[in-house]
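Novice: What shape does this take:
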Amino acid sequence: MSRWLTEAVPRGRVAAFRTLIYLFVAADLVIFTPWVRTRVSVPGDLYQPLLIGRLLPLPTPTSALVAVLFWSLLVLALLAATGRAPRLLGWTVCALYLEWMIIAMSYGKVDHDRFGLLVALAVLPTAGRARHGDTTRTEAGGWALRVTQIAVVCTYFLAAWAKLRFGGLDWLTGSVLARAIIRRGTDLADVIAHVPYLLIVAQFGIVAFELLSPVVFLLPARWRLAMVGFFYSFHAITIATITISFAPHLAAMTSFLPLERVRPLVWARRLVGRRAPDASDSTIQDPPDAGAAEPVRAGAAAEPLGDQAPALGRPAGP
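Specialist: A predicted model of the protein is given here:
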């Protein structure tokens, strides 16, 4: 079991995953959860912190606190994405983002799609230093990725458990997806909703998929990637039908992927380096027939040279 938990992975994979996660944290602040900054306009009496917020305890959010938290987290997440000071910046970003999430989720709604991301932020500082493209293997980095993978799968499995625990079998045969389509469905969802019993079949399929998600750990590498691809396709359909993105979960799920093979900067340099010689060559190369002298027919009169000097250097003219 310990060997499975600490299965060594290339350091380049850890570096790529770290960069992706911290860039997502920065994007999350300005794209997915900028509404957290509006919580300061809500009366403090409505702030009911989660259990962790009551245990610490954490202060009631104010405009100054949220502003400092936002800008500090944005700057530090971008710095952490470079891979510098992985432990110092990593732990700091983890603590600040946890507080950001406590503020976000302490007003009556808790999203379960951020569990994997929070676990990734908690374990990445333990992976140590890692450089992009480094092929040497690290067990510490392997442990960080494995724990994140377990969190991702737990998100699926525990979601199914919650559905059956609180909704019972009625969740499978009820109108859960129908209500979701009425509230936030797309044109594609409207088309699907008109197919008899399709939504009921989809509800059975969702619960079965979530309960069987741990099987991903038992598959060979190639089939494991195929199943992760199915996970992503499931969320693509979810976005296309009921506009629920699960973006933090999708970012954490990249822990399953061989990210060390994705080298956008290297690809860009190669592309630029490949185009540069082609562009320069086209400006300095002579045309194919340039400089090729035409044969002179016997007895033919020499054509006037105009301003061009003769080949032997003698002055033009008679």
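Novice: quick one: the helices in the stretch 151-300 of the chain?
Specialist: In the stretch 151-300 of the chain, the segments counted as helices under DSSP state H, counting those that start in this stretch are 170-173, 176-184, 187-193, 198-211, 221-242, 247-252, 264-284.
Novice: Present the ones you listed as a markdown table; the columns should include distance to Thr136, mean pLDDT and mean neighbour count.
Specialist: In this view, the C-beta of every residue, glycine as well, is placed from N, C-alpha and C. Putting these into a markdown table (distance: least, CB to CB, whole Å; pLDDT from 0 to 100; neighbours: other CB atoms under 10 Å) gives the following:
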| stretch | distance to Thr136 | mean pLDDT | mean neighbour count |
| --- | --- | --- | --- |
| helix 170-173 | 48 | 94 | 14 |
| helix 176-184 | 47 | 94 | 15 |
| helix 187-193 | 46 | 93 | 14 |
| helix 198-211 | 36 | 96 | 16 |
| helix 221-242 | 20 | 95 | 14 |
| helix 247-252 | 24 | 97 | 22 |
| helix 264-284 | 18 | 65 | 9 |
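Novice: do you know which of those lies nearest Gln149?
Specialist: When those are ranked by distance to Gln149, counting by CB to CB, first place goes to helix 247-252 at 8.6 Å.
Novice: packing partners for the closest one?
Specialist: Helices and strands touching helix 247-252, as assessed by 3 or more CB pairs under 8 Å, 6 or more residues apart in numbering; DSSP states H and E, comprise helix 11-27, helix 115-123, helix 139-162, helix 221-242.
Novice: could you say which helix or strand contains Leu76?
Specialist: In this assignment (DSSP states H and E), Leu76 forms part of helix 63-80.
Novice: if we look at that helix, which residues are touching it?
Specialist: Helix 63-80 is touched from outside by 18, 22-23, 25-26, 29-30, 36-37, 39-40, 59, 85-86, 89-90, 92-93, 96-97, 99-100, 103, with contacts defined as CB atoms under 8 Å, 6 or more residues apart in numbering.
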